[in-house]
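A.B. asks: Sequence plus the predicted model coming up.
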Amino acid sequence: MRKSRKITALLMASLLAFAGCAKEGNIETTSTTGASDTGTSQGNNAGSNNGGNQGTNPGSNTTGNNTGDTTTVVATDFADIDISDMFTDRDKRTEYDEGDSVLISLNGDTASCKASDVVISGGVVKITKKGTYVLSGTLNDGMIVVDIDSNDKVQLVFNGVNVTSKTSAALYVKEGDKVFVTLKDGTENTLVNGGSFVQTDDNNIDATVYSKQDITFNGSGKLTISSPAGHGIEAKDDLVITGGTYDITSASHGINANDSVRITGEDTKVAIAAGKDGIKAENADDEALGYVYIENGVFDIDAEGDGLSAGAYLYINNGGFDIVTGGGSVNAAQKTSDNWGGFGGGMGGGMPGGRPGQQGYYGQQQPQQQTTTTATTTTTATGTEDSTSIKALKATTGIYIKGGSYIIDSADDSVHSNTNVYVNGGTFNIQSGDDAVHADETLTINGGIFYITKSYEGLEGLNVVINGGDINMVASDDGINAAGGNDSSGTGGYRGGDNFGRPGMNGGMSGSSNGSITINGGKIFMNASGDGIDANGTLTITGGIIEVVGPVNGDTSVLDYDSSAVITGGTFIGTGAYQMAQTFSSSENQGVIALSVGTQAAGTKITLSDSNGNVIISYEPNLSFAIVILSSPDIVKGGTYSVTIGTTSGEVQAN
């Protein structure tokens, strides 16, 4: 948190601290032609608050920052992704003609079938020819095996199937072009592994459902999968789900695929409790594969590893997500802002956040600062953490989010990409043990509603661009950070153990004067115990409504930048500490008022009026403060304005 420019605006020595009562922190800004009680800015470019889709498939040719490592990570160009090819008509087709189907009856220790294409040996049922097979009944210790010609397809209809395999997969797809598993409407089906996997052929089976070939699940029935010794579902090619209800419990990954995981269906429901990742796709041989695409559906994931993890890209086109990783943010390592406790007798481990009942500019409850507990980690002899990646949404070559609802409680980053992140809509309720949203390259927010009630840093990227959306955040360090600062979350987060990350980053992004933060619109409230906006490079504000409240003491600042901070539009209100404060370096025609006001109590009202008595800004910070920074399209450079802090008033000239 370098500080190079002290506030140079007028010092209002006559504005004394006033121990007022804490009140709601509402923003009231108006034009100079009259008063307003709407609680919104009348300035230009206020941004969108509907969380709608304001961007379409942005592309990027960004590569990883190679500082000695010969490996580069090439960002996905989402403009090249044709989502119409994600699912075929056959993936979604659940119809079948029972008269033309082969019926298989599972009878406890064995099975029965009249067709010669089905070979039964004890509890092993092997399907050897293409066609449609309807299965029902129970196998106490057996397995269903698909071993057909590599050019053929087969449909398995589960009509009340219960299969337990004590030492292998309950469903094993060995050979074939593609297998379709249809869950018949109204049925409940169960596949279970007994707790161990014993190798029986050249394939290392380690999942209750193990497929060497493409596999699709569809229908409207229910499938419960238990895998106490391995993965729930593993596909060595593509895994597609277009319908049904799934309840998966696994010691390892819940769903794991080499080439891709693709899920769709408004009525699709997936619940996963996983000892490792919830849903994972990764391909070590082809960098274009190992992606995850989700279009609608409801997901409830509790993972000891990552929630959704993609070795390539993660593309979410709506859906509902409730994700807990690593036991939640309570398990995050304790982090604090730089040099806290060095002023005023010490901060004692952190500044408390907002008070219950206080509200932000759009009438929503301000998130409360929370204290994290220290996680126990194991280190090797070389000092490297022995750990697991525990992020909620993670991808190497990019994340693209187009709507959806997200409730996330993650021990590490909630959203993390080794390249770019694009958010074009959605509602996010985030508690993060590290960063709420992190991009090693560029983070772009075009829309969406964010309630970040707990984070180390709220939004982080080498470049951060905000074009719209409603963002309400609490951060124990910086609210918005460009170029990483001292954070170690660029690669493995506080835990490490993660192969993702920009080459040469050595465990995380370091401070860089090449970073940038650009705010063109939106509504942003941040309660940051470090810097409110920390641009290790440049800051540009052209629109939006931005509120920053920070602590009154410590090595913190409302604004922190290396090169320049320019405001040409939008409304900015910042309050916080004086010791290391900076103000805007340039504002063109829009005026900026920056004041040192002594120590003021939380809830002390700040009122800015023009020469005619029209109120431009009225604001009540929910933390104590010693400086005030104000800018608005209604503040003209060189103009004279009246400022009231509590009960004390004075005149100031805008710079």
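C.D. replies: Structure received. Residues are numbered from 1 along each chain as shown.

A.B. asks: what residue is smack in the middle of the chain?
C.D. replies: Against the mean C-alpha coordinate of the chain, by CA atoms, centre = their mean, the closest residue is Val415 at 2.5 Å.

A.B. asks: give me phi/psi at that residue?
C.D. replies: phi -130, psi 130 (degrees, to the nearest 10).

A.B. asks: in the sheet, who's paired with it?
C.D. replies: Beta-bridge pairing of Val415 under DSSP bridges involves Leu393, Val437.

A.B. asks: Against Thr325, how distant is it?
C.D. replies: Computed as CB to CB, to the nearest Å, the Val415 to Thr325 distance reads 12 Å. In this view, the C-beta of every residue, glycine as well, is placed from N, C-alpha and C.

A.B. asks: Quick check: neighbours shared by these two?
C.D. replies: Contact criterion CB atoms under 8 Å, 6 or more residues apart in numbering; residues shared by Val415 and Thr325: 391-392.

A.B. asks: got the end-to-end distance for stretch 547-560?
C.D. replies: Using CA to CA, to the nearest Å, the span of stretch 547-560 from its first residue to its last is 15 Å.

A.B. asks: tell me the average confidence for that stretch?
C.D. replies: Mean per-residue pLDDT for stretch 547-560: 92.

A.B. asks: Equivalent analysis for stretch 522-529, please.
C.D. replies: 98.

A.B. asks: Low-confidence bits of the protein, can you list those?
C.D. replies: In the predicted model of the chain, residues 1-71, 333-387, 484-512 satisfy pLDDT under 70.

A.B. asks: Helices along that one, start to end?
C.D. replies: 89-92 (DSSP state H).

A.B. asks: And for Cys154, the neighbour number?
C.D. replies: To be clear, residue 154 is Val; Cys isn't right here. Counted with other CB atoms under 10 Å, the neighbours of Val154 add up to 24.

A.B. asks: Ok, Thr644 next?
C.D. replies: For Thr644, using other CB under 10 Å, the count is 17.

A.B. asks: start the count at 50, not 1, going forward
C.D. replies: Understood, numbering begins at 50; the last thing we discussed is Thr693.

A.B. asks: mind listing what it touches?
C.D. replies: Counting by CB under 8 Å, 6+ apart, Thr693 makes contact with 654-656, 658.

A.B. asks: out of these, who has the most neighbours?
C.D. replies: Among these, the one with the most neighbours (other CB under 10 Å) is Ile655, at 22 neighbours.

A.B. asks: On the strand side of things, show who that residue bridges to.
C.D. replies: Where Ile655 sits in a bridge, its partners, by DSSP bridges, are Tyr668, Ile694.

A.B. asks: give the contact list for Gly354.
C.D. replies: Residues near Gly354 by CB under 8 Å, 6+ apart: 302, 323-327, 374-375, 437-439.

A.B. asks: So which of those residues is surrounded by the most neighbours?
C.D. replies: Most neighbours among the contacts of Gly354, by other CB under 10 Å: Thr374, with 35 neighbours.

A.B. asks: pretty sure the residue nearest to the centre of the chain contacts Asp483?
C.D. replies: No: applying CB atoms under 8 Å, one finds Val464 not in contact with Asp483, separated by 10.7 Å.

A.B. asks: Next, work out how far apart Asp583 and Ser612 are.
C.D. replies: 13 Å.

A.B. asks: meant to ask about Gly497, not that
C.D. replies: Taking CB to CB as the measure, Gly497 falls 29 Å from Ser612.

A.B. asks: The two: which is more packed in?
C.D. replies: Per other CB under 10 Å, whichever of Gly497 and Ser612 has more neighbours is Gly497, with 27 against 16.

A.B. asks: ok, back up a step: how close does the residue nearest to the centre of the chain sit to Leu357?
C.D. replies: 10 Å.

A.B. asks: shared neighbours, these two?
C.D. replies: Common contacts of Val464 and Leu357 (CB under 8 Å, 6+ apart): 441-442.

A.B. asks: which one in the protein is furthest away from the centre?
C.D. replies: Most distant residue from the mean C-alpha position of the chain: Lys163, 52.0 Å away (CA atoms, centre = their mean).

A.B. asks: Would you list the phi and psi of that residue?
C.D. replies: Per-residue torsions, Lys163: phi -90, psi -20 (degrees, to the nearest 10).

A.B. asks: check contacts around it.
C.D. replies: Residues in contact with Lys163, defined by CB under 8 Å, 6+ apart, are 151-152.

A.B. asks: and what of the one 3 residues further on?
C.D. replies: Under the criterion of CB under 8 Å, 6+ apart, the neighbours of Asp166 are 151, 176-178, 180.

A.B. asks: Now do it against Val203, distance only.
C.D. replies: Look at Asp166 and Val203: by CB to CB, they are 10 Å apart.

A.B. asks: for Gly662, same thing?
C.D. replies: To Val203, Gly662 is 80 Å away according to CB to CB.

A.B. asks: cool, Val210 as well?
C.D. replies: Counting by CB to CB, the gap from Val210 to Val203 is 15 Å.

A.B. asks: What of Tyr690?
C.D. replies: 76 Å.

A.B. asks: can you pull out the strands in the stretch 50-199 of the chain?
C.D. replies: 76-78, 151-157, 160-161, 167-170, 173-176, 180-188, 192-196 (DSSP state E, counting those that start in this stretch).

A.B. asks: looking at those strands, which is closest to Ile566?
C.D. replies: For Ile566, the closest of the strands of the stretch 50-199 of the chain is strand 76-78, at 20.6 Å, according to CB to CB.

A.B. asks: What are the buried residues along stretch 611-623?
C.D. replies: Neighbour counts over stretch 611-623 (16 or more other CB atoms under 10 Å) mark 611-612, 614-623 as buried.

A.B. asks: show me what contacts Ile321?
C.D. replies: Going by CB under 8 Å, 6+ apart, the list of residues near Ile321 reads 281, 295, 297-299, 303-304, 327-328, 348-352.

A.B. asks: rerun at 6 Å
C.D. replies: If a contact means CB atoms under 6 Å, 6 or more residues apart in numbering, then Ile321 has 297, 303, 327, 350 as its contacts.

A.B. asks: what's the spacing between the residue nearest to the second one when sequence neighbours are not counted and Thr249?
C.D. replies: Nearest-residue entry for Gly303: Ile321, 3.6 Å, with adjacent residues in sequence omitted and distances by CB to CB, 6 or more residues apart in numbering. Distance of Ile321 to Thr249, given as CB to CB: 27 Å.

A.B. asks: neighbours of the closest residue to Gly314 other than its chain neighbours, just the number please.
C.D. replies: In space, and not counting its chain neighbours, Gly314 is closest to Gly292: 4.5 Å by CB to CB, 6+ apart. Neighbours of Gly292 under the rule other CB under 10 Å: 24.

A.B. asks: again with Thr236
C.D. replies: Thr236 has 17 nearby residues by other CB under 10 Å.

A.B. asks: and what of Ile666?
C.D. replies: By other CB under 10 Å, 25 other residues sit near Ile666.

A.B. asks: pretty sure it is touching Leu657, no?
C.D. replies: Yes: assessed by CB atoms under 6 Å, Ile666 is found in contact with Leu657 at 4.4 Å.

A.B. asks: what do these two both touch?
C.D. replies: Joint contacts of Ile666 and Leu657 (CB under 6 Å, 6+ apart) are Leu679.

A.B. asks: contacting residues around Asn512?
C.D. replies: In this structure, Asn512 makes contact with 491, 565, judged by CB under 6 Å, 6+ apart.
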